[in-house]
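> sequence and predicted model, in that order:
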Amino acid sequence: MNTILLADILMPTSMGIQTPKINVERITNNTPISELSGAFLDSLVTHGVKAAGSMTYSEFKAIEATWPLTAEGIRILKELYPELSNTDMSTWTYGTSEAYCSQADKRNLAKRFSDEQLRKLNDRGIRIEDTFYLFKEFHDPETILAQSDETLKGVIEGYYKANLSMSLGTQTVIGIQSDPPPGYYTYLNFPGYGYDWFSNDIATTDYWMSIQSARALRTQQVLYSSTDTNLHCTNMYGTYSQSQNGAHEGIDFAIGTTPSIYATFRGVVLSGGQTGQLSVYDANAPEQPKTYTYLHMSYKAVSPGSNVAPYDYVGNQGNVGNATGYHVHFEVEAGSTTALHSELNEHHVQSLSPYQLQSYIGP
Ligand SMILES: [Zn+2]
């Protein structure tokens with residue numbers, strides 16, 4: 001019995017790593033949902049369940065898994081996974097959908113590599129599901145494979161340790177001694193992206209994850225002026241990021257090396273910032289003035305003071321500044337600023353959620 005239980009929780013490791021790799025989906029989380037986002041209580045009310053703040057996260061997940069998918073949920077999943085377009089999903093529940101997304105996201109990870117690259121990963125003992133962590137740090141297959149075994153092993157093991165310490169509710173987060181409240185992060189599936197720890201500062205129910213994935217996809221389609229329906233995110237907003245010792249403040253998109261990049265929102269180009277940083281300020285943005293920042297640009301086609309509108313060409317993706325691998329880091333800040341929240345923030349997301357803005361993006 002114990003052996004079966006352990007096999008269910010302990011997973012095979014990459015590169016002979018000795019740190020246990022645990023299946024966090026199988027770990028019971030006793031954090032009361034009242035300590036998490038209000039979205040949990042809201043969705044209980046929506047489904048006619050008497051809201052109880054003492055309900056634990058695992059109890060909530062068990063109830064949520066039985067709820068039928070809404071029409072909007074089905075539409076979003078068909079958008080994120082076009083292979084479902086002809087599938088009858090009328091009997092699908094949140095549980096069915098989570099199991100499907102989990103498998104599909106693993107298949108999609110493998111598709112990011114060529115056959116030759118897959119062979120190299122295999123030769124080096126790197127399991128395909130662990131490349132999820134490598135993409136968070138290095139963004140593209142070439143850059144991942146260019147790293148030494150020692151480097152890759154260190155990154156993968158770091159994420160194993162983080163999963164372990166956060167699941168056990170200890171106070172140690174990789175690399176630093178810190179004091180995040182228990183349950184500060186919640187492990188969830190972000191359809192099209194995969195399983196990750198999400199900061200509870202943002203709405204973290206599976207329903208919201210689907211909507212936020214769809215919104216990130218819309219951002220990507222404007223950013224690259226592309227109709228590609230596959231989400232090419234390597235690091236999402238609010239997720240646990242080893243190199244930042246905490247929450248990632250923006251969304252990382254990675255397609256190829258130096259493709260053209262287009263403005264996602266209107267505004268005036270600011271001066272200053274890091275090498276490869278493009279910041280666009282909109283004093284009349286909905287709700288409050290905002291700055292939209294694109295990092296690691298290999299080329300900037302617009303100068304400070306010029307106005308840009310959505311779909312305007314603004315430059316090219318790159319691997320410039322504090323970057324390892326070709327990608328665009330897209331971050332939203334309140335007010336007129338080129339100073340970003342990063343690195344020192346540890347566990348709190350201090351930038352604005354890019355997901356909340358996507359309803360303003362045009363078709
Ligand atoms: Zn980033």
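Perfect, I can see it now.
> ok, W208 - how many residues close by?
Using other CB atoms under 10 Å, W208 has 20 other residues around it. In this view, the C-beta of every residue, glycine as well, is placed from N, C-alpha and C.
> typo on my end, it should be Y94
By the criterion of other CB under 10 Å, Y94 has 22 neighbours.
> isn't it right up against D206?
Yes - contact criterion CB atoms under 8 Å: Y94 and D206 qualify, at 5.5 Å.
> and for these two, which residues touch both?
Common contact partners of Y94 and D206 (CB atoms under 8 Å, 6 or more residues apart in numbering): E64.
> give the closest residue to T338 in space, chain neighbours not counted.
Residue nearest to T338 in three dimensions, not counting chain neighbours: G273, with 3.7 Å by CB to CB, 6 or more residues apart in numbering.
> tell me the phi and psi of that neighbour?
Dihedral pair for G273: phi 100, psi -180, per degrees, to the nearest 10.
> and it, what pLDDT?
What the model reports as pLDDT for G273 is 94.
> contacts only, for it.
Here G273 is in contact with 279, 293, 338-340 (CB under 8 Å, 6+ apart).
> and these, which are buried?
Neighbour counting with 16 or more other CB atoms under 10 Å marks 279, 293, 338, 340 as buried within the contacts of G273.
> pLDDT and secondary structure for those residues - can I get that in JSON lines?
As requested, the buried ones among the contacts of G273 are exported to JSON lines (pLDDT from 0 to 100; DSSP: H, G, I helix; E, B strand; the rest coil):
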{"residue": "S279", "pLDDT": "98", "secondary structure": "strand"}
{"residue": "T293", "pLDDT": "97", "secondary structure": "strand"}
{"residue": "T338", "pLDDT": "93", "secondary structure": "coil"}
{"residue": "L340", "pLDDT": "87", "secondary structure": "coil"}
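> got phi/psi on the residue lying closest to A263 once chain neighbours are set aside?
The shortest distance from A263 to any non-neighbouring residue, by CB to CB, 6+ apart, is to V308 (4.3 Å). Here is the backbone geometry of V308 (degrees, to the nearest 10): phi -130, psi 150.
> check L295 too.
Dihedral angles (degrees, to the nearest 10) for L295: phi -110, psi 160.
> that one: how many residues sit nearby?
25.
> again, but for A146
12.
> give me the pLDDT for it.
pLDDT recorded at A146 is 98.
> in a markdown table, list the buried ones among the contacts of G273 along with distance to M15.
Shown next, in a markdown table, are the buried ones among the contacts of G273 (distance: CB to CB, whole Å):
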| residue | distance to M15 |
| --- | --- |
| S279 | 39 |
| T293 | 35 |
| T338 | 40 |
| L340 | 33 |
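> just flag the most distant two among those.
With CB to CB as the measure, no two of these lie farther apart than S279 and L340, at 8.6 Å.
> find residues that contact each of these two.
Common neighbours of S279 and L340, using CB under 8 Å, 6+ apart, are 273, 293.
> among the contacts of G273, which are in reach of the ion?
Among the contacts of G273, proximity to the ion is found for none (CB under 5 Å from the ion).
> list just the nearest of those to Y100.
T293 (34.4 Å).
> surely that closest one is in contact with E331?
Yes - assessed by CB under 8 Å, T293 is found in contact with E331 at 4.7 Å.
> can you check which residues contact both of the two?
250, 340.
> for the residue of the stretch 251-363 of the chain found nearest the ion, helix, strand, or coil?
Closest residue of the stretch 251-363 of the chain to the ion, CB to the ion: H329 (3.4 Å). Under DSSP: H, G, I helix; E, B strand; the rest coil, the three-state class of H329 is strand.
> the stretch 201-350 of the chain against the ion: which residues are in contact?
Counting by CB under 5 Å from the ion, the stretch 201-350 of the chain comes close to the ion at 252, 329.
> could you redo the last one with a cut-off of 6 Å?
Counting by CB under 6 Å from the ion, the stretch 201-350 of the chain comes close to the ion at 235, 248, 250, 252, 329.
> now the closest residue to A65 other than its chain neighbours: how far from N163?
Spatial nearest neighbour of A65, excluding adjacent residues (CB to CB, 6+ apart): G95 at 3.2 Å. Plainly put, G95 is 22 Å away from N163 if you go by CB to CB, to the nearest Å.
> of these two, give the one with the bigger neighbour count.
For G95 versus N163, neighbours defined as other CB under 10 Å are more numerous around N163 (23 against 16).
> find the nearest non-adjacent residue to the more buried one, please.
V24 (5.4 Å).
> residues near that neighbour, how many?
Counted with other CB under 10 Å, V24 comes out at 17.
> same check, this time on Q220
22.
> what about it, which SS state?
Put simply, Q220 is helix when judged by three-state DSSP.
> can you verify my assumption that it contacts T229?
No - the pair formed by Q220 and T229 falls short of the contact definition of CB under 8 Å, at 9.6 Å.
> quick one on the thing from earlier: pretty sure the residue of the stretch 251-363 of the chain closest to the ion is touching D252, no?
Yes - in this structure H329 lies within contact range of D252 using CB under 8 Å: 5.3 Å.
> still on that earlier bit, so what's the residue nearest to A263 up against?
Contacts of V308 (CB under 8 Å, 6+ apart): 263, 266-269, 280, 302, 314.
> for V268, phi and psi?
When read as degrees, to the nearest 10, the backbone of V268 gives phi -110, psi 140.
> how about L278?
phi -120, psi 120.
> ok, for it, nearest residue in space, not its chain neighbours?
Using CB to CB, 6+ apart and skipping residues adjacent in sequence, the residue nearest L278 is Y294, 4.5 Å away.
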